[in-house]
Structure formats: C-alpha cells, structure tokens
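> sequence plus predicted model, see below.
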Amino acid sequence: MSRTRTSDVLVIGGGIIGLVTAWRAAGRGFTTTVVDPEPGGGAAQVAAGMLAAVTELHYGEQTLLGLNLASARRYPDFAAELTEVTGHDLGYRRCGTLAVALDADDRAHLRELHALQRQSGLDSEWLSGRECRRLEPMLAPGVRGGLRVDGDHQIDPRRLARALVAACERAGVVFHQAWAERFDVVRERAAGVTTADGTELRAGQVVLAAGSLSGRLAGVPDDVLPPVRPVKGQVLRLTVPKRYAPFLSRTVRAVVRGSQVYLVPRESGELVVGATSEELGWDTTVTAGGVYELLRDAHELVPGITELPLTETRAGLRPGSPDNAPLLGPTELEGLLLATGHYRNGVLLTPVTGDAMAHVLTTGELPEEARPFTPRRFSAAALTEHPA
Ligand code: GLY
C-alpha cells in the first residue's frame, strides 16, 4: 500500500537551488518538503564557486548579466544570514579575480571582453603583464596582460550546500531521502511525485529544481518538460602546502586555446582548477585527457602548480539551457514551477533564485528582475511568435 505525505510546497531536488528555494519557502510559512536521495549533493559538490558576474560575461547574455549582478549584490547579506542561522563558515572570500592573456589571440579576446564590460557599465581595469605579475607573482613570465575585476569573488559550494541543509532543517523543511521516480499529474494539475520507495508526495505547489536531471523526470508532460541538458565539467583540487602560501591571492583565469581555465584559491589551502565543458550526455567519467588539458593550461598560467599535491579529480553536470539562463517560476501546468537551468552560474544565482522563488510561491508572480527568465519563453506559443 502506498503512503501519502502532503505539504504546501514540494521541491524536487536537494542541490543548492532546491535547498535555497525550500529554505526561503519555509521562511514564508509554507510547509515544505524536499525530495532527494542525497540532499546537499549535485553540481555544487564539483563547482569551484566563482561569483563571476563580470568575468563570465558573454556576448548576447546582457539580460542574464542583470540577474547575475542582482545576485552578486545580495551575496554579502545572504552569506551573513546563512552563517548567523547555522553557525557555518561558507568560505565566502571577497578576493576579486584576475583574467589574463597568454598570447596575442587571448589578449585580443580579453580586450573585447573589456570593451563589453565597459559598455555594460562594469568595473574592470586593464593591466599590463608586469602589473599582473606584481599582483600575482606566481603567474608565468609570458602573461601578456589582464583584467583586474575586484568585484568577482568566491564561496565554497560544498560548505554552502551543507549550510543550506542545516538552514532548511532549522526552518522545519522535511527531507524525504529517495529518488523522485515519477511526476504525477492529477486532474490537469501538478500533484507531486511518487518516489522509488513507493511514497506519494503531494503538494499544492511543486518546484522542479533537479539540476540537469530536471529535463528527464518521467511523467512531466512534454510541453512543460524543461529544455535542460547536462554539460560535463571536470574539476581538479590541489592543496597548497603552508610553505608555499600565499600561492595565489585571488581567482586567476584565462582562455587558453579556446578553453576556459580558472584557479580558485581557498583560504583553507585548497586550490580548485576547472573546468572542461563537454557535451557528453550523462557521462561523469574523469578522463586522462580532461585532467591533462586542465593541468597543461593551468601550468601555462602558473608554472609552479606542478609542485602541488593533486588531491581530487571529479566531474559534474551543469544544467545547460538553450539561452544559458535559468528557468524560474510557473509553467503552463497549474501547480508546477521550475528553478533549474542555471548552467555556469548556479552558485552565483543562489540568493536571487531563493528570493524569486519565495516571491512567486507567495504571490503567483515573479519579481521584476526574474521575469525575463520565465519558462514560458520556451513554450510552443512563444517560440512560434519569436522563432529563433
Ligand atoms: N562557472 C564555471 C563553470 O561553469 O565552469
């Protein structure tokens, strides 16, 4: 016989996006359940945690930039609140970022990024190679120039995930630790899910926040299934022995032969090197080629990296969407909302996603800043009106 459990809000997925949604929903007085076999897992276990609204700006993504900046502005208060509620240190570090160029092509690319940043009203300063090395003496002598962005910071996503689990627990969120096996629709509205352990979880509002898995939950009607796909990222973790500290004092990144590489130094001594970007479906194998390319590119930037112990290699799946922006808020199916498709910016977008989802769960409307990210932009009607 199946068991049924009911709450006001059911969040499918206990990654950082599902957790922040649940925490904020509970804060608005909703009884809230999260269904996930391993709350606090997901892409945050692999992510480097760059809060890089400015250095991750790309052409055609100015609308997303607005949301990224809104979330970056909230980070100090968000981190302080989460630490106050849970006592957890989140590894939030206001260290800034240096994006550097290794050859003439990289330099031209970075100059264009700088122009785009300035057109968008963002703070970033062009530095010569010598000025870059003065800031970060471990950089290779061949560095040809760079952009200093003092507003792009970092947080430790694993700590963030642990803190969000603790905050949810304190707020009375119920965790149902099982796979959501099937999404259930009853009388043409979202009813909840049936889990692998046979429990029927029911709720008035159901939020699908399952990262890259959001696009393949059985039972979600085709016309509201989010167009989200997995984009693999391989990431390395190294350790900086105390005698080498400070190895780097801020995040250092570059585009080497067309691939992004970044080095994120934590106060704990961990140095995160990421990331590949691979369209390989659900594959999460760490490959010799992936590790080789990351180390090769990181070594070109910071030759001393080969002295450091390599402590972890891991691959995760970014939830990619067709326009690289998240899908937030109500769908055409009554009772079903989305909080997914955050792609490269899930950690950065966590505070604003929590606020937007709490707002829409309470009022039925997305707040102004989140309206461009309605899932309805991908509905058949919207795509016929504005074909790509
Ligand atoms: N935001 C960094 C990445 O997705 O690799």
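Received it, and whenever you're ready, just let me know what you need.

> near the ligand, which residues of this protein?
Proximity of the chain to the ligand (CB under 6 Å from any ligand atom) is limited to residues 50, 233, 274-275, 318, 344. (Glycine included, C-beta is placed from N, CA and C.)

> look up phi and psi at residue 327.
Recorded main-chain torsions at residue 327 are phi -110, psi 120, according to degrees, to the nearest 10.

> now do the contacts for it.
226, 228, 321, 338-341, 373-375, 378 (CB atoms under 8 Å, 6 or more residues apart in numbering).

> dump those residues into a markdown table; add neighbour count as well.
A markdown table is the format used below for the contacts of residue 327 (neighbours: other CB atoms under 10 Å):
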| residue | neighbour count |
| --- | --- |
| 226 | 23 |
| 228 | 26 |
| 321 | 24 |
| 338 | 25 |
| 339 | 32 |
| 340 | 31 |
| 341 | 29 |
| 373 | 27 |
| 374 | 18 |
| 375 | 26 |
| 378 | 19 |
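
> would you turn these into JSON lines with pLDDT and secondary structure?
Converted to JSON lines, those look like this (pLDDT from 0 to 100; DSSP: H, G, I helix; E, B strand; the rest coil):
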{"residue": "226", "pLDDT": "97", "secondary structure": "coil"}
{"residue": "228", "pLDDT": "97", "secondary structure": "coil"}
{"residue": "321", "pLDDT": "97", "secondary structure": "coil"}
{"residue": "338", "pLDDT": "98", "secondary structure": "strand"}
{"residue": "339", "pLDDT": "98", "secondary structure": "strand"}
{"residue": "340", "pLDDT": "98", "secondary structure": "strand"}
{"residue": "341", "pLDDT": "98", "secondary structure": "coil"}
{"residue": "373", "pLDDT": "98", "secondary structure": "helix"}
{"residue": "374", "pLDDT": "98", "secondary structure": "coil"}
{"residue": "375", "pLDDT": "97", "secondary structure": "helix"}
{"residue": "378", "pLDDT": "95", "secondary structure": "helix"}
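
> break down the stretch 151-300 of the chain into its strands, ranges please.
Taking DSSP state E, counting those that start in this stretch, the strands of the stretch 151-300 of the chain run over residues 153-154, 174-176, 180-186, 189-195, 200-208, 229-239, 251-256, 259-265, 270-274.

> could those be laid out in CSV, adding mean pLDDT and distance to residue 281?
Supplementary listing: the strands of the stretch 151-300 of the chain in CSV, determined by pLDDT from 0 to 100; distance: least, CB to CB, whole Å:
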stretch, mean pLDDT, distance to residue 281
strand 153-154, 98, 29
strand 174-176, 98, 28
strand 180-186, 97, 20
strand 189-195, 98, 23
strand 200-208, 98, 20
strand 229-239, 98, 6
strand 251-256, 93, 25
strand 259-265, 95, 20
strand 270-274, 97, 20
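
> who wins for proximity to residue 383 among these?
Taking CB to CB as the measure, the strands of the stretch 151-300 of the chain were each checked against residue 383, and strand 229-239 came out nearest at 17.0 Å.

> circling back to that earlier point, of all the strands of the stretch 151-300 of the chain, which lies closest to residue 38?
Closest approach to residue 38 among the strands of the stretch 151-300 of the chain (CB to CB): strand 174-176, 10.0 Å.

> relative to the closest one, what are the paired strands and their orientations?
Paired strands of strand 174-176, with direction, are strand 32-35 (parallel) (DSSP bridges).

> from the chain's centroid, how far away is the partner strand?
For strand 32-35, the distance from its own C-alpha centre to the chain's C-alpha centre is 20 Å (CA atoms, centre = their mean, to the nearest Å).

> now the strands of the stretch 151-300 of the chain in TSV, with mean neighbour count?
Formatted as TSV, the entries for these read as follows, by neighbours: other CB under 10 Å:
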stretch	mean neighbour count
strand 153-154	25
strand 174-176	18
strand 180-186	18
strand 189-195	23
strand 200-208	24
strand 229-239	22
strand 251-256	24
strand 259-265	23
strand 270-274	23
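
> between the ones you listed, which one is nearest to residue 84?
strand 153-154 (19.0 Å).

> now do the same contact list for the residue nearest to the spatial centre of the chain.
Most central residue of the chain, judged by C-alpha distance to the mean C-alpha position with CA atoms, centre = their mean, is residue 346 at 1.7 Å. The contact partners of residue 346, by CB under 8 Å, 6+ apart, come to 15-17, 43-44, 47, 211, 318-319.

> try it again at 7 Å.
Listed by CB atoms under 7 Å, 6 or more residues apart in numbering, the contact partners of residue 346 are 16-17, 43, 47.

> low-confidence stretches in the stretch 251-388 of the chain?
Within the stretch 251-388 of the chain, the set of residues satisfying pLDDT under 70 comprises 385-388.

> so what does the residue lying closest to residue 265 once chain neighbours are set aside have for phi and psi?
Counting by CB to CB, 6 or more residues apart in numbering, residue 248 is the residue found nearest to residue 265 once chain neighbours are left out, at 4.3 Å. Backbone torsions of residue 248, given as degrees, to the nearest 10, read phi -130, psi 150.
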